[in-house]
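Student: Predicted model follows, preceded by the sequence.
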Amino acid sequence: MSPSPSAHGEVSPPDARLARVAIAGNPNTGKTTVFNRLTGARAKVGNYPGVTVDREIGGLTLPHGRKVEVVDVPGTYSLSARSREEQIAIQAICGLPPLEPPDVVLLVLDATQLVRNLYLALQVIETEMPVVLALNMSDALEATGQTLDREALERELGVPVVSVSGKTGAGFDVLAAALERVLEDPRRGRPGARWRPDDPVLEADLRAVAQKVPAAWHHGNESRARALAAWALLSIDERDELADAPPELRSTVLSRRKLAAAAGREIDGEIIRGRYGWIDARASAFVKQRKSGAPTITDRIDKVLLHPIIGFLLFLLAMGVIFQSLFTWASPAMDLIDGTFATLEASTLDAIGHGWFGDLIARGLVRGVGVVLVFLPQILLLFFFLGLMEDTGYMARVAFMMDRLMKSIGLHGRAFVPMLSGFACAVPAILATRTMERQRDRTLTMLVVPLMTCSARLPVYTLIIAALFATEQKVFGFLPVPGLMMVAMYVFSTVIALVAAAVLGRTLLRAERVPLILEMPPYRVPHWPSVLRMMWTKSKSFITEAGKVIVVCSILMWFFLRFPWSASDAAPFETERATIVATVSDETARAEALVEVDRKEEATRLERSIAARVGRTIEPVLAPLGFDWKLGIGVMGAFVAREVFVGTMGAVYGIGSDADEESTALRDRMRSEKRSDGSPAYTPLVGLSVMVFFALACQCMSTLAAVKRETHSWRWPTFLFVYMGVLAYVASFVVYQGGKLLGAT
Amino acid sequence: MRHSLDTVLPGTSVRLVRIGGERAFRCRLMELGLLPGTSVRMVRRVDLGGVLELEVRGARLSVRHGEARELVVEPL
């Protein structure tokens, strides 16, 4: 459905669809709050075509009953673009193909940073799109003793200007009415370019480029063609990554730029200076009684929070609270969910029966849903803290304080919180990468976060260390071996994650050096409804999108670990059960004997499963790591979730899949397990190899599902799985073979 | 007496003379209001993160130490 140009060269939408309002503005202007206020926080999240940028669409009913669609445009300081992601802003605001043009552009301006915000406003007005301005945070401006002249702004800009407060909701009825009036008569919001170059040379550049702007972009509107020409001159060069720029336009821009450079001119500076000149000449009329230099509340808070010592200690405290909450405070809720689903699994089995169907529903479906829901407490908690930090403005400070450290390994300053969260669980950490604007930064963080030692690895380490290492020994007489080994695993995984970030960031995800030019937003009281809303939307999208993948994987894994198993396979165990019921009269003894049969059956079933067959087939591949095929089953089973390794090993050895990492039976069994040649199957060296493998391999379907959810493709999850798998294999190989060479067992 | 922006003491205002570096960097700074001729106030140095906070045209923005080295300034 493409818009048709009308007789006046204006873009008019086909009547069939709802009129569309695009919300645009600088980052940190409270755009999201304005969007939520207008749409009542009921938005559908989609995707901008070609890039992984979320596109939220909500509905709004205007005062006279007309329904319109509200679309969120990513925050931007200017329409100029170098990357495809930045290009979304101009495409969404002007409706350049492949996007449809909005019927009105609602620009949200931060009154406290007015001059910088007006630059974008001038650019958008130039494009001849009907514009309404919403001045947000004018209350914060007035708190500093300055007054804003809304009427002067309206007069000079020529578009409706409405003061709103995202915080209190004031002004939104006026805003809706203004949108309605502009929709009825777009000319009200289309006053024509405010700034026009008075330099004939620049004028000639613009005219030359404007002729090459495709008709599908300007729809015959000459002023719009000029605005897009200015955009092209500021955006296109030899090294941009823009898509869909016609070759003719590109070559004209390049030749004009070359001509200008030869004449000692800089077109960028001329255009930008022109617009700022227009703004500067009026700035004092827009904002009165400026008191420069007087310390604001934000300045006073920053004096403490950005203090080299106090600020750093408070930062550590904040990070400590987040880590503690994910690691410890989330546990009771997670245990409750785990417990509930274990009960549900048991009662489902009892209700449907222990046949394959009951087993499928209980151990495939119900367990899968449990795996999904158990992430909820951590996701909710992490997004509570992230929302709080974003909303108050502290997140920007964290990014700044961590910039030097994170940049040195090629990561964004904002990657710190996801990396830290990765120590608890990679899933919420991957969802949290959304706080970064650039896709490249998000992807890089997602690729290394799963290397951090998450809490699901701890049961595996605990079991292996307790079973295979001399836990009674003390190093230097006082350092206990288990604790030291745990610390070593943490250090190992962190170092590998940092190295991986540095390597991937310089190779596969190599990006142009991006200057950190950002603002430190003023501190604000958090807006609780938006914090809660973010917690809710994040959890919902995880459950509905990643959840589906996890449940399907869980059912596949169930099949993989349980089949083939026919009635004839089960028959001997049934006979045994019948014999016990008939012969053992003591109830306790009978129950015990029956459990024993269950475990034997479980172990036999697992031994004959597809997983075991695969394990035996690939044993030659696993052998160099010191793994036998039984360990292979454990490793494969752990794809559901790493901690499942413990239960799988319990099942393999007929101790029962309910064995936990503290189970002495399982430890003893592992210690006494022999290979076919009589040598012990598990030595400390094998244990080390297993731990290194678990530290590095992406043994977690939920992590992959979360990456799929965030990148909207299978490309990155596949890459993640393969690269971590190769890393794990090579590292375990080196540990085991190297250890053997050094004579270790 | 010209010098680079990263040497400016907190609380001091200077005038921007020239921006070096790549085009994308220069354009981005200019579009944020850091044009040659603009007066810039050094608000704070966040040494822990290697970042400087500036006030330009009544708005705040921050750049890294290394990037501030590309900005030539002179006293007002």
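Tutor: Great, that's in hand. Residues are numbered from 1 along each chain as shown, chains lettered A, B, ... in the order given.
Student: Can you name the residues of chain B that neighbour chain A?
Tutor: Proximity of chain B to chain A, by Cβ under 8 Å from any Cβ of the partner chain, involves residues B:21-33, B:35-36, B:41, B:43-44, B:46-51, B:53, B:55-64, B:67. All C-beta spots, glycine's among them, are computed from the backbone N, C-alpha and C.
Student: Not counting residues beside it along the chain, what's closest to A:Leu380?
Tutor: A:Met535 (5.2 Å; Cβ to Cβ, 6 or more residues apart in numbering or on different chains).
Student: these two touch, right, the one you found and A:Phe384?
Tutor: Yes. The pair formed by A:Met535 and A:Phe384 meets the contact definition of Cβ atoms under 8 Å, at 5.7 Å.
Student: Counting neighbours, what do you get for A:Pro246?
Tutor: When neighbours are counted by other Cβ atoms under 10 Å in any protein chain shown, A:Pro246 registers 14.
Student: who in the stretch 51-200 of chain A is up against chain B?
Tutor: Residues of the stretch 51-200 of chain A lying near chain B (Cβ under 8 Å from any Cβ): A:Tyr77, A:Ser78, A:Ser80, A:Arg82, A:Thr112, A:Gln113, A:Leu114, A:Val115, A:Arg116, A:Tyr119.
Student: Compile these into a markdown table and extend it with columns for neighbour count, secondary structure and pLDDT.
Tutor: Shown next, in a markdown table, are those (neighbours: other Cβ atoms under 10 Å in any protein chain shown; DSSP: H, G, I helix; E, B strand; the rest coil; pLDDT from 0 to 100):
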| residue | neighbour count | secondary structure | pLDDT |
| --- | --- | --- | --- |
| A:Tyr77 | 23 | coil | 88 |
| A:Ser78 | 24 | coil | 89 |
| A:Ser80 | 26 | coil | 86 |
| A:Arg82 | 21 | coil | 76 |
| A:Thr112 | 26 | helix | 84 |
| A:Gln113 | 24 | helix | 85 |
| A:Leu114 | 24 | helix | 89 |
| A:Val115 | 18 | helix | 88 |
| A:Arg116 | 25 | helix | 88 |
| A:Tyr119 | 23 | helix | 94 |
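Student: Now A:Ala177: closest residue in space that isn't a chain neighbour?
Tutor: A:Pro63 (5.3 Å).
Student: And for A:Gly58?
Tutor: A:Thr39 (2.8 Å).
Student: Pick out the residue of the stretch 551-700 of chain A closest to chain B.
Tutor: With Cβ to the nearest Cβ as the measure, A:Ala695 is the residue of the stretch 551-700 of chain A nearest to chain B, at 29.7 Å.
Student: so what's the residue nearest to A:Ala177 up against?
Tutor: Listed by Cβ atoms under 8 Å, 6 or more residues apart in numbering or on different chains, the contact set of A:Pro63 reads A:Asp173, A:Ala176, A:Ala177, A:Glu180.
Student: Give me the three-state assignment for it.
Tutor: Under the three-state scheme (DSSP: H, G, I helix; E, B strand; the rest coil), A:Pro63 adopts coil.
Student: Could you report the pLDDT at it?
Tutor: For A:Pro63, the pLDDT comes out at 88.
Student: circling back to that earlier point, among the residues of chain B next to chain A, name the ones in helices.
Tutor: Among these, the subset assigned to helices under DSSP state H consists of B:Arg23, B:Ala24, B:Phe25, B:Arg26, B:Cys27, B:Arg28, B:Leu29, B:Met30, B:Glu31, B:Glu67.
Student: And the nearest residue in space to the second one that is not next to it in sequence, how far from A:Ala243?
Tutor: Going back to what we said before, that points to B:Ala24. Spatially, and ignoring its direct neighbours in sequence, B:Ala24 is nearest to A:Arg82 (5.5 Å; Cβ to Cβ, 6+ apart). From A:Arg82 over to A:Ala243 the distance is 12 Å, taken as Cβ to Cβ, to the nearest Å.
Student: Now do the same contact list for the residue of the stretch 151-300 of chain A found nearest chain B.
Tutor: In the stretch 151-300 of chain A, the residue that lies nearest chain B is A:Ile272 (4.5 Å; Cβ to the nearest Cβ). By Cβ under 8 Å, 6+ apart, the contact set of A:Ile272 is A:Leu234, B:Cys27, B:Met30, B:Glu31, B:Leu35.
Student: next one: A:Pro246
Tutor: Shown in contact with A:Pro246 (Cβ under 8 Å, 6+ apart): A:Lys212, A:Pro214.
Student: still on that earlier bit, and the residue nearest to A:Gly58, what does it touch?
Tutor: A:Gly58, A:Gly59, A:Leu60, A:Val70.
Student: Is the last one bridged to anything, and to what?
Tutor: It stands for A:Val70. Beta-bridge partners recorded for A:Val70 (DSSP bridges): A:Val21, A:Gly58.
Student: And for it, the neighbour number?
Tutor: 22.
Student: can you check the first one too?
Tutor: Counted by other Cβ under 10 Å, the residues lying close to A:Gly58 total 20.
Student: got it, and the second one?
Tutor: The criterion is other Cβ under 10 Å. On that basis, A:Gly59 has 15 neighbouring residues.
Student: isn't it right up against A:Val70?
Tutor: Yes. At 7.0 Å, A:Gly59 counts as touching A:Val70 under the criterion of Cβ under 8 Å.
Student: Just read off the phi/psi values of the residue of the stretch 151-300 of chain A closest to chain B.
Tutor: phi -70, psi -40 (degrees, to the nearest 10).
Student: same question, A:Pro63
Tutor: phi -50, psi -40.
Student: Report the separation between it and A:Ala178.
Tutor: A:Pro63 is 10 Å from A:Ala178, by Cβ to Cβ.
Student: Check A:Glu241 too.
Tutor: From A:Glu241 to A:Ala178 the distance is 37 Å (Cβ to Cβ).
Student: returning to that earlier point: hmm, which two among the residues of the stretch 51-200 of chain A next to chain B are most spread apart?
Tutor: A:Arg82 and A:Thr112 (27.7 Å; Cβ to Cβ).
Student: thinking again about what came up before, adding neighbour count, write the contacts of A:Ile272 out as TSV.
Tutor: As requested, the contacts of A:Ile272 are arranged in TSV below (neighbours: other Cβ atoms under 10 Å in any protein chain shown):
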residue	neighbour count
A:Leu234	23
B:Cys27	22
B:Met30	25
B:Glu31	25
B:Leu35	19
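Student: what's the spacing between stretch A:224-240 and its chain's center?
Tutor: Its chain's C-alpha centre and that of stretch A:224-240 lie 31 Å apart, by Cα atoms, centre = their mean, to the nearest Å.
Student: re the thing from before, what's the closest non-adjacent residue to the residue of the stretch 551-700 of chain A closest to chain B?
Tutor: A:Ser493 (4.9 Å).
Student: number of nearby residues for the one you found?
Tutor: Neighbours of A:Ser493 using other Cβ under 10 Å come to 22.
Student: Now do the same contact list for it.
Tutor: A:Leu451, A:Met452, A:Thr453, A:Ala695, A:Leu696.
Student: Tell me the most packed of the residues you listed, by neighbour count.
Tutor: Neighbour max across the contacts of A:Ser493 (other Cβ under 10 Å) = A:Leu451, 28 neighbours.
Student: measure it to A:Phe492 for me?
Tutor: Distance from A:Leu451 to A:Phe492, by Cβ to Cβ: 10 Å.
Student: More neighbours: which of A:Met535 and A:Phe384?
Tutor: Comparing A:Met535 with A:Phe384 by neighbour count (other Cβ under 10 Å), the higher total belongs to A:Met535, at 20 against 16.
Student: What average pLDDT does the helix or strand where the more buried one lies get?
Tutor: Using DSSP states H and E, A:Met535 sits in helix A:528-541. For helix A:528-541, the mean pLDDT works out to 84.
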